[in-house]
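A.B. asks: Give me coordinates for this.
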Amino acid sequence: MTGEWKETANVVWSGSWVAERLGVELVGDGELRELLGLALRRNPKRAHLLVSNVLGKHVPQRPSVVYAAGFDLGRRVRALLGEEGARRAVVLGYAETATGLGHSVADGLGDAPYLHSTRRPVPGVARAGGFEESHSHATSHLLLPEDPELLAADGHGRDGSPHSVLVLVDDEFSTGNTVLNTIRALHERYPRDRYVIVALVDMRSPADRGRLAEFAAEIGARVDLVVRSTGTVGLPDDVLAKGQALIAEQESAPGAGRRAEEQSPGTGIRTRLDLPWPAGVPDGGRHGFTPAHRALLEPALPALADRIAQALGDAPRRVLVLGFEELMYAPLRLGTALEERTNAEVRYSTTTRSPVLAVDDPGYAIRTQLVFPAHDDPADGPGERYAYNVAGAGFDAVVAVVDSAADTPALHAPGGLLDRLAAHTGQVLLAVIPSYVPATTAERQEEAPMLLPEPLRGPAFSSYAPDEVGWLLQDLSDTRLEAPTEEREEAIQSGGAHYAESLPVEYQPSAQYQELFKAALDLSAARIARAVGTVTETVLAERGPRPVLVSLARAGTPVGVLMRRWARARRGIELPHYAVSIVRGRGIDANALRWLAAHHDPADVVFVDGWTGKGAITRELAAAVTEFEKTEGVEGFDPEIAVLADPGGCVRTYGTREDFLIPSACLNSTVSGLISRTVLRADLVGPHDFHGAKFYRDLAGSDVSGLFLDTVTERFEEVADAVDAEVKELLTADRAPTWEGWTAVERISEEYGIHDVNLVKPGVGETTRVLLRRVPWKILARRGAGPDLEHIRLLAEQRGVPVEEVDALPYTCVGLIHPKYTRGATGADGKAVESA
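C.D. replies: Alright, predicted model coming up:
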């Protein structure tokens with residue numbers, strides 16, 4: 001792979017400012033000054049900093065140029081070693097500046113696994129080594145491979161050949177001390193007969209050059225060097241003192257140095273995107289990255305870039321993809337894919353720990369500086385972090401890429417990275433990649449069969465857009481699951497089958513009923529929009545800036561989509577949204593919880609449903625989460641459900657407690673993305689499978705899922721003020737569950753001789769379900785109930801079910817399933833009768 005980069009080289013050499021003032025000389029081959037600039041570092045060990053124009057750390061550069069710089073070096077190493085030697089190589093990159101470079105070199109080699117050193121200790125991961133970096137501002141490097149044999153000379157590659165060659169990659173080879181320290185430490189533990197050192201530039205002094213051959217002879221191994229450019233740095237004897245004095249002078253000058261960090265709070269639009277990172281692929285090389293991982297990531301990059309482009313919209317013409325300290329490779333590859341798939345001018349750089357003086361002069365490599373607090377809870381404590389040459393660079397969008405471990409409140413806080421960026425660009429998109437945490441050997445053995453697939457998404461599964469929801473379900477579309485309603489009811493009530501083991505035949509609404517749905521939607525869209533806004537704003541206020549919406553399929557899913565739309569429209573936040581299955585008497589899908597725990601912080605998960613009836617699912621979820629945490633040892637899931645409507649008084653997070661018609665309850669799959677209710681049957685759902693569901697593609701002509709969502713979304717603006725006022729009041733109100741609905745259901749069950757609360761379905765939504773899916777006995781309607789019950793009366797008429805008006809009913813209506821059902825409970829025409 002090749003890349004042109006000279007078009008971005010400065011007309012004025014970006015090292016001239018330092019060279020003139022400190023007497024520093026940069027001497028070398030023809031492209032050395034185009035590769036490197038100079039800056040001053042606030043470091044008592046070394047005054048100057050060689051600033052690479054192709055590394056993608058301090059200087060924004062085209063991603064293709066940055067990637068090509070490493071990839072081409074990898075190709076040269078492959079040519080040096082030959083095909084056989086390349087298959088026997090393992091590549092080691094240095095944190096933090098060379099993590100992306102080393103990974104790109106490994107890509108160029110083709111078959112080599114990759115590991116980079118890290119300054120982030122990970123509990124439970126054994127150290128395979130470590131070393132010091134003599135001139136760095138942060139010296140301790142840890143080696144934390146998931147595979148303890150990765151660095152061993154007799155560790156095996158994918159074809160069974162030993163890793164007999166170690167390739168070490170750094171951005172510059174200056175004194176050689178860091179690399180030689182590494183080789184010496186590793187050679188004592190994992191001796192081998194060949195090493196290859198790779199760097200963008202070799203800047204050793206003549207005295208240091210002789211040390212490499214001596215060192216190779218000392219350890220009895222061959223040591224090769226592959227570099228792009230060669231030169232030397234001439235330093236006067238007093239350069240350290242002069243450099244520190246010059247830094248002090250510049251920092252004390254009015255308007256100089258760190259002025260970019262003192263901007264007012266950012267006003268740029270901020271959005272969030274949880275990237276659907278390929279399952280099982282690490283976020284980088286901290287714990288090892290194998291050719292198998294590479295094979296999974298490469299085909300996924302175009303779709304990932306498309307998700308970013310979609311989130312950015314059409315407006316940005318100049319986009320910066322900003323990586324995070326050691327997280328360099330993943331943002332780089334997202335940048336290369338974005339560069340290939342959009343017309344935007346894409347640049348790439350990363351934040352850093354390295355403190356460098358900023359001087360706004362064309363002859364200086366670091367023109368501007370953003371300063372913000374560390375946001376990944378570093379092991380060495382809090383401290384400042386930096387982003388260089390971002391302020392004033394004219395980016396109209398910045399894609400900040402972090403792993404989930406760094407997606408902390410400090411990142412979002414005033415003065416944090418996102419706030420600093422928003423002061424200098426019109427749009428900040430936070431793209432979050434799940435942090436990879438290695439399993440122990442025992443865990444790997446135990447969890448090997450537990451690899452779960454990625455969520456299903458539209459249009460392959462559901463009529464929703466792919467970013468609206470990810471379904472943590474398996475597709476059973478080709479399986480016959482439907483049974484006549486009467487057969488299902490008899491089997492359910494006799495104990496011969498569970499309701500989740502089959503599906504009712506999908507209700508096909510008449511033209512009259514479809515018109516009733518559309519009229520109901522027009523009538524209630526604003527009321528629904530207000531409830532959506534209220535519950536979403538309550539969640540954002542009480543569950544932090546980054547909740548993960550997990551709707552209970554399928555009634556909760558349209559609500560989850562609407563909540564996501566509200567957060568995006570009103571707050572500029574992209575909330576991840578998944579749909580999971582929960583089954584009364586069986587609990588929530590444990591595999592779905594496992595997937596969520598592996599990809600998100602469980603504490604961020606907010607369960608979402610459409611409405612409450614008597615609170616059975618609320619109780620079911622609480623019990624299921626408790627059991628899951630007990631058996632899995634995973635903590636943090638909050639079983640509280642956020643609902644659009646809570647007429648039963650069963651939850652504390654709701655949009656309203658009114659019992660009104662939610663049009664999505666009027667229909668089944670045709671208002672829920674054409675997805676069936678969920679299925680749990682032992683012969684279809686194994687111990688390591690998600691629960692199942694069907695996608696009714698054949699009903700596309702009747703699908704009103706998009707109509708429902710769009711009609712409600714169009715009313716967001718008009719209800720915004722009412723939502724703000726209502727949320728302000730709710731946040732200080734007593735919203736404790738009253739369980740009024742459960743009390744009423746128990747009373748009705750006894751009064752009507754049913755003696756089974758599961759056959760009493762309170763509320764407009766649940767009553768609708770009874771009429772669409774079960775064998776109804778009768779409908780109780782609150783006397784004087786108006787338009788909210790028109791569809792109920794129509795369905796009841798079609799099925800021959802009596803509607804009884806009653807007083808003092810806490811719900812608008814209650815549906816009663818026929819008690820002690822047998823087929824004799826219906827007449828010859830299949831309609832319900834008064835008694836059995």
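
A.B. asks: which residues of the stretch 201-350 of the chain fall in helices?
C.D. replies: For the stretch 201-350 of the chain, the helices identified by DSSP state H, counting those that start in this stretch occupy 206-219, 239-252, 291-312, 329-341, in order along the chain.

A.B. asks: Distance from the last one to the middle of the chain?
C.D. replies: When you say that, I think you mean helix 329-341. Helix 329-341 sits 17 Å away from the centroid of its parent chain (CA atoms, centre = their mean, to the nearest Å).

A.B. asks: pLDDT on stretch 67-77, on average?
C.D. replies: pLDDT averaged over stretch 67-77 equals 97, rounded to a whole number.

A.B. asks: And the helices of the stretch 201-350 of the chain: which comes nearest residue 379?
C.D. replies: Nearest to residue 379 among the helices of the stretch 201-350 of the chain is helix 329-341 (21.4 Å), distances taken as CB to CB. Quick note: C-beta positions are derived from backbone N, CA and C, even for glycine.

A.B. asks: Would you agree residue 539 is in contact with residue 654?
C.D. replies: No: no contact is recorded between residue 539 and residue 654 when judged using CB atoms under 8 Å, the distance being 10.4 Å.

A.B. asks: about what we covered before: will you turn the helices of the stretch 201-350 of the chain into TSV that also has mean pLDDT and mean neighbour count?
C.D. replies: As requested, those are exported to TSV (pLDDT from 0 to 100; neighbours: other CB atoms under 10 Å):
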stretch	mean pLDDT	mean neighbour count
helix 206-219	86	13
helix 239-252	85	16
helix 291-312	90	17
helix 329-341	96	24
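
A.B. asks: So for residue 381, which of these sits nearest?
C.D. replies: helix 239-252 (23.2 Å).

A.B. asks: which other helices and strands contact the closest one?
C.D. replies: When contacts are defined as 3 or more CB pairs under 8 Å, 6 or more residues apart in numbering; DSSP states H and E, helix 239-252 packs onto helix 16-22, strand 36-40.

A.B. asks: now the ones you listed in a markdown table, with mean neighbour count, mean pLDDT and distance to residue 172?
C.D. replies: Output for the helices and strands packed on helix 239-252, formatted as a markdown table (neighbours: other CB atoms under 10 Å; pLDDT from 0 to 100; distance: least, CB to CB, whole Å):
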| stretch | mean neighbour count | mean pLDDT | distance to residue 172 |
| --- | --- | --- | --- |
| helix 16-22 | 18 | 92 | 16 |
| strand 36-40 | 26 | 94 | 8 |
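
A.B. asks: want to throw the ones you listed into JSON lines with distance to residue 677?
C.D. replies: Converted to JSON lines, those look like this (distance: least, CB to CB, whole Å):
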{"stretch": "helix 16-22", "distance to residue 677": "68"}
{"stretch": "strand 36-40", "distance to residue 677": "62"}
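
A.B. asks: Which one, of those, ends up nearest to residue 642?
C.D. replies: With CB to CB as the criterion, residue 642 lies closest to strand 36-40 of the helices and strands packed on helix 239-252, at 49.6 Å.

A.B. asks: partners of the closest one, with directions?
C.D. replies: Within its sheet, and counting by DSSP bridges, strand 36-40 is paired with strand 48-52 (antiparallel).

A.B. asks: Out of the helices and strands packed on helix 239-252, which is closest to residue 436?
C.D. replies: Within the helices and strands packed on helix 239-252, the stretch nearest residue 436 is strand 36-40; the backing value is 32.7 Å (CB to CB).

A.B. asks: what residues does the closest one touch?
C.D. replies: The set of residues that contact strand 36-40 without belonging to it, under CB atoms under 8 Å, 6 or more residues apart in numbering, is 10, 13-15, 17-19, 22, 24, 26, 47-53, 58-59, 201, 243, 246-247, 250, 356-357, 359, 364-366.

A.B. asks: wait, doesn't residue 310 sit right on residue 466?
C.D. replies: No: taking contacts as CB under 8 Å, residue 310 lies outside contact range of residue 466: 9.2 Å.

A.B. asks: Residue 467: neighbour count?
C.D. replies: By the measure other CB atoms under 10 Å, the count of residues near residue 467 is 19.

A.B. asks: Just to check, it is in contact with residue 310?
C.D. replies: Yes: the pair formed by residue 467 and residue 310 meets the contact definition of CB under 8 Å, at 6.8 Å.

A.B. asks: Overlap in contacts, residue 539 and residue 654.
C.D. replies: When contacts are counted by CB under 8 Å, 6+ apart, the set common to residue 539 and residue 654 consists of residue 642.

A.B. asks: So which of the two has more stuff around it?
C.D. replies: Each of residue 539 and residue 654 has its neighbours counted (other CB under 10 Å); residue 654 has more, 25 against 20.

A.B. asks: That one sits in which helix or strand?
C.D. replies: Element membership of residue 654, judged by DSSP states H and E, is strand 653-656.

A.B. asks: where does the stretch 51-200 of the chain have low pLDDT?
C.D. replies: Per-residue confidence of the stretch 51-200 of the chain (counting by pLDDT under 70) places the weak regions at 129-139, 153-163.

A.B. asks: can you pull out the strands in it?
C.D. replies: In the stretch 51-200 of the chain, the strands defined using DSSP state E, counting those that start in this stretch lie at 89-93, 114-116, 129-131, 141-143, 165-173, 194-202.

A.B. asks: Residue 481 is nearest to which of the ones you listed?
C.D. replies: When those are compared for distance to residue 481 using CB to CB, the nearest one is strand 114-116, at 46.0 Å.

A.B. asks: For the closest one, what is the distance to the chain centroid?
C.D. replies: Strand 114-116 sits 23 Å away from the centroid of its parent chain (CA atoms, centre = their mean).

A.B. asks: Buried residues of it, list them for me.
C.D. replies: With burial defined by 16 or more other CB atoms under 10 Å, the residues of strand 114-116 counted as buried are 114-116.

A.B. asks: Mind putting those into JSON lines with distance to residue 72?
C.D. replies: Converted to JSON lines, those look like this (distance: CB to CB, whole Å):
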{"residue": "114", "distance to residue 72": "16"}
{"residue": "115", "distance to residue 72": "21"}
{"residue": "116", "distance to residue 72": "19"}
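
A.B. asks: ok, of these, which one's closest to residue 306?
C.D. replies: Minimum distance to residue 306 across those is 25.9 Å, recorded for residue 114 (CB to CB).

A.B. asks: is it true that the closest one touches residue 104?
C.D. replies: No: Residue 114 lies out of contact with residue 104 (CB under 8 Å); the separation is 9.4 Å.
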